[in-house]
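Student: Based on what follows, work out the 3D shape:
(one chain, ligands or ions: 1)
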Amino acid sequence: MKALGEAAGESAPAPEAESVRENDPASGSMESSRENADDPEGLIDLTSAEYKAGIQLQDPENELALRAMRRATTARIGLGRAGNRPSTRAMLSFRADHAMAKDAVMKPVDQKFLDRMGLHTVVSKCGDINEHLTRPDLGRQLTDESIKYIEENCVKNPQIQIYVSDGLSNAAIENNAEDLLSILMEGLKDQGIKLGTPFFVKYGRVPTMDKVSELTGAELTCVLIGERPGLAASDSMSAYITYGAYVGISESSRTVVSNIHKNGIQPVEAGAYLSELLLKILEAKKSGVEFKQ
Ligand code: B12
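Tutor: Below is the predicted model:
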């Protein structure tokens, strides 16, 4: 009761307000919750990196060590508990991440985004998102109409064919492809590389690139594709690269650069790295396990 009285007093600061977690969005203090409830602009984004870097445990034995551990991993550690249940904050954060992951898979890539990028859409043999999720074999094949489009409209026999595909995360494409693709294409053009016509494959899987390679006659093919979302990142994109790809080529012939997103490899940085990597693979005339970086 004494502590309560002091905390409520006008001159005495509340013990919670003096703690090092005063400005920590993840501190879980009643003070910050109240502030946010009054000010909708100040609502905490439970999925943000800033929130996740904070700690939620009320009285950690070694706060510095716990902070260091939380910064070192995206795993859900040091969440605390309410009795034998997760705290409300931990539960809400989990559900928010899960919702982001579901949205990333289920929502289609925004057509406005594709228009802005100037990417024409071709489609795999999957008729809808449920078929895309349950029939990876159909996701690896293109419809006759898509094949015709590529044959009639795309640059033939490029040295490098780059294209974009939703894969398993539309958010990955919307958040990363624009920055990366422009840097990558510019970098390769500057080196005098003959580039293929970029386009977008809806409901695509990684090995769809083998068909694209056959259709365009590309020496080297690179797909920017959405990774299966997890609870740490729902908008992570990968670049899969195959030299001399054909339908049925072994997976070990691919090189992959994964985890391209705002809290992983930054898309601009990945664009610069990839343009160098593609040139090296082109020169070596091999990709995947045979290619030594
Ligand atoms: C799902 C997954 C798998 C699944 C793929 C099956 C499937 N369709 O779901 C399984 C369990 C088989 C798998 C196996 C392996 N994987 Co894996 N996998 C992933 C994961 C979690 C998501 C991939 C994804 O979303 N792809 C996009 C969708 C649209 O592709 P898809 O067409 O449905 O599926 C294809 C790709 O997933 C691809 N694939 C999956 N893993 C790998 C790894 C390599 C090196 C290559 C070339 C291709 C590849 O194979 C699938 C079939 O064609 C990523 C993590 C990440 N952050 O990306 C790791 C990841 C890509 N895998 C990795 C590794 C190391 C492997 C293995 C080499 C592990 C091993 N030692 O055996 C094998 C290689 C498999 C292969 N195809 O050659 C690493 C690659 C690291 C790197 N930069 O080289 C990653 C990044 C995980 C990690 N952080 O270490 N994987």
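Student: count of residues packed around the residue of the stretch 1-150 of the chain found nearest the ligand?
Tutor: The minimum distance from the stretch 1-150 of the chain to the ligand, using C-beta to the nearest ligand atom, falls at Pro136 (5.5 Å). In this view, the C-beta of every residue, glycine as well, is placed from N, C-alpha and C. With neighbours defined by other C-beta atoms under 10 Å, the count for Pro136 comes to 13.
Student: got it, and the one 5 residues further on?
Tutor: Burial of Gln141 is recorded as 18 neighbouring residues (other C-beta under 10 Å).
Student: Tell me how far it lies from Ser213.
Tutor: 14 Å (C-beta to C-beta, to the nearest Å).
Student: cool, Lys189 as well?
Tutor: Relative to Ser213, and taking C-beta to C-beta, Lys189 is found at 20 Å.
Student: of those two, who's got more company?
Tutor: Legend: neighbour count by other C-beta under 10 Å for Lys189 and Ser213, higher for Ser213 (23 against 12).
Student: ok, the more buried one touching Ala245?
Tutor: Yes: when contacts are counted by C-beta atoms under 8 Å, Ser213 is listed as touching Ala245 (3.7 Å).
Student: tell me what the helix or strand containing Ile162 is packed against?
Tutor: Assigned by DSSP states H and E, Ile162 belongs to strand 160-165. Secondary-structure packing of strand 160-165 (3 or more C-beta pairs under 8 Å, 6 or more residues apart in numbering; DSSP states H and E): helix 170-190, strand 200-202, helix 208-216, strand 220-226.
Student: Pull that strand out as CSV, backbone CA atoms only.
Tutor: In CSV, the C-alpha atoms belonging to strand 160-165 read as follows (Å, rounded to 0.1, in the frame of the first residue of the first chain):
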residue,chain,number,x,y,z
ILE,A,160,20.7,-13.6,-68.0
GLN,A,161,16.9,-13.9,-67.6
ILE,A,162,15.6,-12.4,-64.4
TYR,A,163,11.9,-12.6,-63.4
VAL,A,164,9.8,-12.2,-60.3
SER,A,165,7.4,-14.7,-58.7
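Student: And for that strand, what's in contact with it?
Tutor: 117, 119, 154, 173, 177, 181, 184-185, 188, 193-196, 198-202, 204-205, 208-209, 212-213, 216, 218-226, 278, 282 (C-beta atoms under 8 Å, 6 or more residues apart in numbering).
Student: any idea of the mean pLDDT in it?
Tutor: The average pLDDT within strand 160-165 is 98.
Student: Between helix 208-216 and it, find me the angle.
Tutor: Angle, strand 160-165 to helix 208-216, by axes from the mean of the first three to the mean of the last three C-alpha atoms, to 10 degrees: 130 degrees.
Student: So is strand 160-165 next to the ligand?
Tutor: No: on the criterion C-beta under 6 Å from any ligand atom, strand 160-165 is out of touch with the ligand, staying 7.6 Å away.
Student: Just list the residues touching Ile77, thanks.
Tutor: By C-beta under 8 Å, 6+ apart, Ile77 lies in contact with Leu66, Met69, Arg70.
Student: could you redo the last one with a cut-off of 6 Å?
Tutor: Counting by C-beta atoms under 6 Å, 6 or more residues apart in numbering, Ile77 makes contact with Met69.
Student: Could you do Val223 as well?
Tutor: By C-beta under 6 Å, 6+ apart, the contact set of Val223 is Tyr163, Ser165, Met209, Tyr240.
Student: mind redoing it with 7 Å?
Tutor: Contact analysis of Val223 by C-beta atoms under 7 Å, 6 or more residues apart in numbering lists Tyr163, Ser165, Val206, Met209, Tyr240.
Student: Could you measure from the closest residue to Ile147 other than its chain neighbours over to the ligand?
Tutor: Sequence neighbours aside, Leu215 is the residue nearest to Ile147 in space, at 6.3 Å (criterion: C-beta to C-beta, 6 or more residues apart in numbering). Distance, Leu215 to the ligand, using C-beta to the nearest ligand atom, to the nearest Å: 18 Å.
Student: Per-residue pLDDT of Leu215, please?
Tutor: For Leu215, pLDDT reads 98.
Student: heads up, I number from 52, so please use that
Tutor: Sure, I'll start counting at 52 from here, so that last one is Leu266.
Student: residues contacting it?
Tutor: So Leu266 contacts Ile198, Ile201, Glu202 (C-beta under 7 Å, 6+ apart).
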